[in-house]
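# Provided below are the primary sequence and the corresponding predicted coordinates.
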Amino acid sequence: MNNTKYITILRHAVYCLLFLILYVVQTVPGLFVIRGIKPIWVIPAAIALAMFEGEFIGGIYGAAAGLLCDIGGFLLFGFNGFLTCVYCIAVGLLVIYLMRCNMLGCMMFVFIFMLLRGSLEFLFLYGMWGYDDVWRIYVNQTLPTVLFSTLISPIVFYSMRGVFRRFERVLKDQ
């Protein structure tokens, strides 16, 4: 096995380890909770990775991040996996052909996706059943989660960028 294959395998092992760490941080009770709201960490990581690595790798890690969210979610298993995979493919293609790969773009992508995902989750769990005052759940739970996840996305973006640049530098020195 040549050195480039070894470095590529190591790169993806680091990405997997980073996703695992972010998932543990996301699911630990009481960690990063503000007024009962927790951010979702793995979705911004998948979006940032799709911005750096492109549509194929981004789609794979997007599906993995979505499935991690499905493990602790209340919706049909695979809902977040499919939605995140398709969105990360779209983000990868947008960054390749139309947009720059920067932190504000990442925040915009995270905000749009989290708003879409949160709205669909709200619709399927609460909205379609016609409960009274169901809008309070959307305002008090869904929207703060969207904003909190968007606000933590620069931390994840710069972490992913550091890992990506480090491995690109190592591959370039080959």
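Right, received. Where do you want to start?
# Helices along the protein, start to end?
Under the criterion DSSP state H, the chain contains helices at 3-27, 42-53, 55-71, 79-97, 103-125, 135-137, 143-172.
# pLDDT-wise, which helix or strand of this structure ranks last?
Taking mean pLDDT, DSSP states H and E as the measure, the helix or strand of the chain with the lowest value is helix 135-137, at a mean of 87.
# That one packs against which elements?
Using 3 or more CB pairs under 8 Å, 6 or more residues apart in numbering; DSSP states H and E, no helix or strand is in contact with helix 135-137. Yep, even glycine has a C-beta here, placed from its N, CA and C like the rest.
# Mind doing that once more with 10 Å?
Judged by 3 or more CB pairs under 10 Å, 6 or more residues apart in numbering; DSSP states H and E, the packing partners of helix 135-137 are helix 103-125.
# Packing partners of the helix it packs on?
Judged by 3+ CB pairs under 10 Å, 6+ apart, helix 103-125 is in contact with helix 42-53, helix 55-71, helix 79-97, helix 135-137, helix 143-172.
# swap the cut-off to 7 Å and go again
With contacts defined as 3 or more CB pairs under 7 Å, 6 or more residues apart in numbering; DSSP states H and E, helix 103-125 has these neighbours: helix 42-53, helix 79-97, helix 143-172.
# ok, Thr4 - contacts?
Contact analysis of Thr4 by CB atoms under 7 Å, 6 or more residues apart in numbering lists 171, 174.
# ok, now Ile34?
Applying CB under 7 Å, 6+ apart to Ile34 gives the contacts Phe148.
# For Val95, see how far away it is.
Relative to Val95, Ile34 is positioned 30 Å away (CB to CB, to the nearest Å).
# quick one: contacts for the most centrally placed residue in the chain?
Residue closest to the average C-alpha location in the chain (CA atoms, centre = their mean): Ile43, at 1.3 Å. By CB under 7 Å, 6+ apart, the contact set of Ile43 is 65, 69, 84, 110, 113-114, 149.
# Just the buried ones from the residues you listed, in ChimeraX syntax?
Of the contacts of Ile43, the buried ones can be selected in ChimeraX as follows, counting by 16 or more other CB atoms under 10 Å:
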select :65,69,84,110,113,114,149
